[in-house]
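> Quick one: sequence plus predicted model below, questions after.
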Amino acid sequence: MDTQTLTLRRTTPADLAALDQLYSRSYPNLLKADYPPSTLVMALPLIARAQPRLLASGSFYLVESDGEPVGAGGWSWGGPQGGASPTHMAHVRHLVTDHRRVRQGIARRLMGHVLAEAKAAGARILDCQSTLTAVPFYASLGFREVGPILIQLRPGIEFPAVRMQKVL
């Protein structure tokens with residue numbers, strides 16, 4: 001694939017349905033090698049959905065190829081579970097690449113943009129709650145592992161992940 005055919009833009013609330021489709025078709029395929037079916041059956045209905053607040057935030061982005069969504073993700077000052085963060089720390093938010101388009105530079109281009117935008121806004125550290133699947137990708141971008149975490153999706157539903165950080 002020629003990466004020059006990719007376009008990257010800020011999302012709007014109108015992207016909700018297209019991103020729901022991207023998450024719901026890609027996350028099951030991307031995560032199945034690293035998570036047991038018992039975890040995925042509980043977690044996927046909660047994580048494989050676009051988040052309207054992120055889409056309207058101004059710091060969430062969509063990558064398209066010929067008008068088709070092939071990647072999405074962004075950053076925020078607040079953490080994924082809410083609550084206050086140190087004033088110098090931003091957070092990677094809800095990154096996905098179409099499972100049929102991995103290893104084509106889509107996520108790398110998107111994260112390059114996220115890193116530059118967060119740094120320009122004053123962030124000194126970018127924090128990430130990585131899926132087990134994405135740890136090697138984030139490590140290739142210079143993120144270091146802080147340690148394993150369990151993300152509480154709902155009472156009784158925990159999702160194993162790895163907290164990672166990159167100094168900007």
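Received the coordinates, thanks. Numbering: from 1, shown residues only.

> Next, residue 159: secondary structure please.
strand (DSSP: H, G, I helix; E, B strand; the rest coil).

> Surely it and residue 38 touch.
No - assessed by C-beta atoms under 8 Å, residue 159 is found out of contact with residue 38, at 11.8 Å. The C-beta positions use only the backbone N, C-alpha and C, and glycine is treated the same way.

> Which one of the two is surrounded by more residues?
residue 159 (21 against 8; other C-beta atoms under 10 Å).

> how much space between that one and residue 112?
26 Å (C-beta to C-beta, to the nearest Å).

> Now do the shared contacts for residue 159 and residue 38.
Residues touching both residue 159 and residue 38 (C-beta atoms under 8 Å, 6 or more residues apart in numbering): none.

> CA atoms of stretch 64-82 as PDB?
Extracted C-alpha coordinates of stretch 64-82, given in PDB (Å, rounded to 0.1, in the frame of the first residue of the first chain):
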ATOM      1  CA  GLU A  64      -9.000   7.100   5.800                       C
ATOM      2  CA  SER A  65      -7.900   5.400   2.600                       C
ATOM      3  CA  ASP A  66     -10.100   6.300  -0.400                       C
ATOM      4  CA  GLY A  67     -12.800   7.500   2.000                       C
ATOM      5  CA  GLU A  68     -12.800   4.200   4.000                       C
ATOM      6  CA  PRO A  69     -11.900   4.400   7.700                       C
ATOM      7  CA  VAL A  70      -8.700   2.300   8.300                       C
ATOM      8  CA  GLY A  71      -7.500   3.700  11.600                       C
ATOM      9  CA  ALA A  72      -8.500   6.000  14.500                       C
ATOM     10  CA  GLY A  73      -7.200   7.200  17.800                       C
ATOM     11  CA  GLY A  74      -6.200  10.300  19.700                       C
ATOM     12  CA  TRP A  75      -5.200  11.700  23.000                       C
ATOM     13  CA  SER A  76      -6.700  13.500  26.000                       C
ATOM     14  CA  TRP A  77      -5.600  15.200  29.200                       C
ATOM     15  CA  GLY A  78      -8.000  13.100  31.200                       C
ATOM     16  CA  GLY A  79      -7.400   9.400  31.600                       C
ATOM     17  CA  PRO A  80      -9.600   6.700  30.000                       C
ATOM     18  CA  GLN A  81     -11.300   6.000  33.400                       C
ATOM     19  CA  GLY A  82     -11.700   9.700  34.200                       C
END
